[in-house]
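> coords please:
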Amino acid sequence: MRLKVCCEDRIGLTRELLDILVRREIDLRGIEIDQVGIIYLNCPEIEFEAFSQLMSEIRLISGVTDVRKIQFLPAEREHRELRALLESLTDPVFSINLDGYIDMANKAALDLISSSEHQLVGEHANSVFPDFQFSHWLEKEEASQSCRMVVMAGLDFLMEVMPVHINDESDQPVLVSAVVQLKQVAMNNTPQTVFRTPSDHGFEHLVGQSNKFKQLISQAKKLAMLDAPLLIQGETGTGKEMIARACHRHSLRADKPFLLVNCVSMPDNAAETELFGMAAAENGGTAKKGILEQADGGTVFLYEVGEMSRHLQVKLLRFMQDGTFRRVGEEREMHVDVRVICSTQKNLPELVAAQQFREDLFYRLNVLSLTVPPLRERTADVMPLAELFIKQFAADLGQSKPRIDNALADYLTHYAWPGNIRQLRNILLHAMTQIDAEVMTIDDVQLPEIENTQFISEESLDGSLDEIMKRYESGILNNLYRSYPSTRKLAKRLDVSHTAIANKLRDYGIGKK
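Numbers count the residues shown, from 1 in each chain. Coordinates of the predicted model:
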């Protein structure tokens, strides 16, 4: 029960109230004192007769003008209003106490880090924000508002850390806690003081939870610290360039340039000038620095090196041998300290065998190597990536993030993705520009039918034979249902009975709105 006691401002009145509660053995759970002469009490419920006697005894206290039962205390109402306001915010918000531990987090914060309030409350803030030392910030005599860029779940956020003060008895502000608010920002809306360029993207921007992804990132972090050439192999759209950028950011060259050379469909003369630079013209023109010279101390990324012409392969081989080169039209040799990272979707040993790629250059480039697995072999990563892309697009488009329904999630997970992560990103971007609902369904995405989809991967082979076959069958039906969206059409396509297909679709929840 909660009581509101209206009274005069008299010394000892509060003590007499508490004495009555002690004498009647009534537990006091909370008390609030209003400056205008109101005392609020929070106590357990008691029997009606005992309650009537308590009210009578309180009214007999000198200075008490009224006492009545109320539904809630002012602080409770304020707390619930504040909580409702926080839950309505789309920005993640955390409260950090003076010991550096999390006291509270709103729903957006819990969703961001995929945690429950029970798990998160009591965690040290450094486990959630490893790049910000809260303990050091809280120890400052005058902790002030701090603003910086952070990466959470692969997304860029502007993190604002705001101190919370209350006034002490001498009316001086005292630090009592901190509130952290994360504001997701699109690239073109990032403040110039904390602008993040694409080359700043490190391993924290790469999202996945499959075993193959974890093994890839673990190996990449080790190779990133070495200074030898690195060859990254993988199908188109698997994220080879992002891996290369992350390796640069994780290396000792991180504060130096990362420059890209696209080896695809570039004429030899243009590519040679782009890579090695050009001497000054005889009429007094200025020399042009090439990519290698501009990247001195940093990293050069040769995108799709398998497309490089034989002429350029010879030039590159000489540079790989001793780090020297000549600008086009110049006799003077130059030396730079550059790490070379290459990517290719082609089978370089086959190109070597076909005499389309120099064997000696292949061995120079293939000192260290990474193979990025295709998305169809990382089915556990499809939904984390989809959620990441949708959050990014929602921020870029200035609209709320739609939820992916279960049928679409199953469909995306079982699709073969010949274009890999790039294809997944593009189809979700198209869907986001068309959708105006709170839920994204299978009807909102446009994917070409792939009848020979390969579902067999290490992850899809978990469980019994019956469970594996059901996943395989569900994937086939999900794929074909897009092109044959009725049970009769699909039954005819698969040459089975209408009843059998109807039962299968119902069992797998395919086609339900």
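> could you measure from Gly122 over to Pro130?
Distance, Gly122 to Pro130, using Cβ to Cβ, to the nearest Å: 17 Å. The way it works is simple: take the backbone N, C-alpha and C, and place the C-beta from them, glycine included.
> equivalent analysis for Glu117, please.
To Pro130, Glu117 is 21 Å away according to Cβ to Cβ.
> check Phe48 too.
Per Cβ to Cβ, Phe48 is found 57 Å from Pro130.
> now Val174
For Val174 relative to Pro130 (Cβ to Cβ), the value is 28 Å.
> with Val93 instead?
Counting by Cβ to Cβ, the gap from Val93 to Pro130 is 19 Å.
> tell me which of those two has more neighbours.
Ranked by neighbour count (other Cβ atoms under 10 Å), Val93 and Pro130 place Val93 first, with 19 against 10.
> give the contact list for that one.
Val93 is in contact with Leu86, Ala105, Asn106, Ala108, Ala109, Val179, Val180, Gln181, Leu182, counting by Cβ atoms under 8 Å, 6 or more residues apart in numbering.
> which two among these are spaced furthest apart?
Farthest apart among those by Cβ to Cβ are Ala108 and Val179. That separation is 13.7 Å.
> between those two, who's got more neighbours?
The neighbour count for Ala108 versus Val179, taken as other Cβ under 10 Å, is higher for Ala108 (18 against 15).
> what helix or strand is the more buried one located in?
Using DSSP states H and E, Ala108 sits in helix 107-112.
> tell me the first helix or strand C-terminal of that helix.
Per DSSP H and E, helix 107-112 leads on to helix 117-120 as the next helix or strand towards the C-terminus.
> so how far is that following helix off the chain centroid?
Its chain's average C-alpha position is 19 Å from that of helix 117-120, according to Cα atoms, centre = their mean, to the nearest Å.
> what's stretch 154-168 in contact with?
Applying Cβ under 8 Å, 6+ apart, the external contacts of stretch 154-168 come out as 92, 129, 132, 134, 137, 143-151, 173-185, 187, 190-191, 194, 196, 204-207, 388, 391-392, 395.
> report the buried residues of it.
For stretch 154-168, the neighbour count (16 or more other Cβ atoms under 10 Å) marks Gly154, Leu155, Asp156, Phe157, Leu158, Met159, Glu160, Val161, Pro163 as buried.
> so what's the last one bridging to?
Under the criterion DSSP bridges, Pro163 forms beta bridges with Ala178.
> renumber starting at 23 from here on
Okay, residue one is now 23; in that scheme the one you just asked about reads as Pro185.
> residue closest to the middle of this structure?
Nearest residue to the geometric centre of the chain (Cα atoms, centre = their mean): Ala175, 2.2 Å.
> that one and Ser137 touch, don't they?
No: at 11.1 Å, Ala175 does not count as touching Ser137 under the criterion of Cβ atoms under 8 Å.
> can you pull the poorly scored residue ranges out of the stretch 323-472 of the chain?
Applying pLDDT under 70 to the stretch 323-472 of the chain flags the ranges 472.
> show me the domain layout of this structure.
24-98, 111-216, 225-394, 398-530 (automatic domain parsing).
> now the strands for the stretch 323-472 of the chain?
Listed in chain order, the strands found in the stretch 323-472 of the chain under DSSP state E, counting those that start in this stretch are 346-348, 355-357, 361-366, 390-394, 425-426, 461-462.
> chain center to stretch 347-364: distance?
39 Å.
> scratch that, stretch 149-160
With Cα atoms, centre = their mean, you get 19 Å for stretch 149-160.
> other residues contacting it?
Applying Cβ under 8 Å, 6+ apart, the contact partners of stretch 149-160 are 116, 118, 120, 122, 124, 135, 142, 147-148, 165, 168, 170, 172, 181, 183, 197, 200, 202.
> surely Ser519 and Ala513 touch.
Yes: counting by Cβ under 8 Å, Ser519 does reach Ala513; the two are 6.2 Å apart.
> those two: who's more crowded?
Shown here are Ser519 and Ala513; by other Cβ under 10 Å, Ala513 has more neighbours (19 against 11).
> list the residues that contact the more buried one.
Applying Cβ under 8 Å, 6+ apart, we find Ala513 in contact with Ser519, His520, Ala522, Ile523, Ala524.
> please repeat the previous calculation with a cut-off of 7 Å.
Contact analysis of Ala513 by Cβ atoms under 7 Å, 6 or more residues apart in numbering lists Ser519, His520, Ile523.
> skipping adjacent residues, who's closest to Thr260 in space?
Sequence neighbours aside, Val394 is the residue nearest to Thr260 in space, at 4.3 Å (criterion: Cβ to Cβ, 6 or more residues apart in numbering).
> would you mark the buried spots in stretch 311-331?
Residues 312-315, 317, 320-330 are the ones in stretch 311-331 that count as buried (16+ other Cβ under 10 Å).
> before we move on, what about stretch 452-462?
Ala453, Met454, Ile457, Met462.
> stretch 515-534 now?
By 16+ other Cβ under 10 Å, the buried positions in stretch 515-534 come out as Ile523, Lys526, Leu527, Tyr530, Ile532, Gly533.
> quick check, the fourth one in contact with Ser496.
Pointing back at Tyr530 there. Yes: assessed by Cβ atoms under 7 Å, Tyr530 is found in contact with Ser496 at 4.6 Å.
> and Cys269, how many residues sit next to it?
Using other Cβ under 10 Å as the criterion, Cys269 is surrounded by 28 other residues.
> look up how far Leu245 lies from it.
Applying Cβ to Cβ, the value for Cys269 to Leu245 is 7 Å.
> again, but for Asn119
41 Å.
> for the longest helix anywhere in the chain, list the C-alpha coordinates in PDB.
Looking across the chain with DSSP state H, the single longest helix is helix 487-505. Taking Å, rounded to 0.1, in the frame of the first residue of the first chain, the C-alpha atoms of helix 487-505 are listed here in PDB:
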ATOM      1  CA  LEU A 487      19.500 -37.900 -41.700                       C
ATOM      2  CA  ASP A 488      15.700 -37.100 -41.400                       C
ATOM      3  CA  GLU A 489      16.500 -33.600 -40.100                       C
ATOM      4  CA  ILE A 490      19.100 -33.000 -42.900                       C
ATOM      5  CA  MET A 491      16.600 -34.200 -45.600                       C
ATOM      6  CA  LYS A 492      13.900 -32.000 -44.200                       C
ATOM      7  CA  ARG A 493      16.100 -28.900 -44.400                       C
ATOM      8  CA  TYR A 494      17.100 -29.900 -48.000                       C
ATOM      9  CA  GLU A 495      13.500 -30.400 -49.000                       C
ATOM     10  CA  SER A 496      12.400 -27.100 -47.400                       C
ATOM     11  CA  GLY A 497      15.100 -25.200 -49.300                       C
ATOM     12  CA  ILE A 498      14.000 -26.700 -52.600                       C
ATOM     13  CA  LEU A 499      10.300 -25.800 -52.000                       C
ATOM     14  CA  ASN A 500      11.200 -22.300 -50.800                       C
ATOM     15  CA  ASN A 501      13.200 -21.600 -54.000                       C
ATOM     16  CA  LEU A 502      10.600 -23.000 -56.400                       C
ATOM     17  CA  TYR A 503       7.600 -21.400 -54.600                       C
ATOM     18  CA  ARG A 504       8.800 -18.000 -55.800                       C
ATOM     19  CA  SER A 505       8.300 -19.000 -59.400                       C
END
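> what packs against it?
When contacts are defined as 3 or more Cβ pairs under 7 Å, 6 or more residues apart in numbering; DSSP states H and E, helix 487-505 packs onto helix 428-436, helix 509-516, helix 520-530.
> which pair of the buried residues of stretch 311-331 spans the longest distance?
Of all pairs in the buried residues of stretch 311-331, the most separated under Cβ to Cβ is Glu315 and Gly328 at 24.5 Å.
> tell me which of the strands of the stretch 323-472 of the chain sits nearest to Arg45.
Closest approach to Arg45 among those is made by strand 425-426 (56.6 Å; Cβ to Cβ).
> and the closest one, what does it pack onto?
So strand 425-426, by 3+ Cβ pairs under 7 Å, 6+ apart, packs with strand 461-462.
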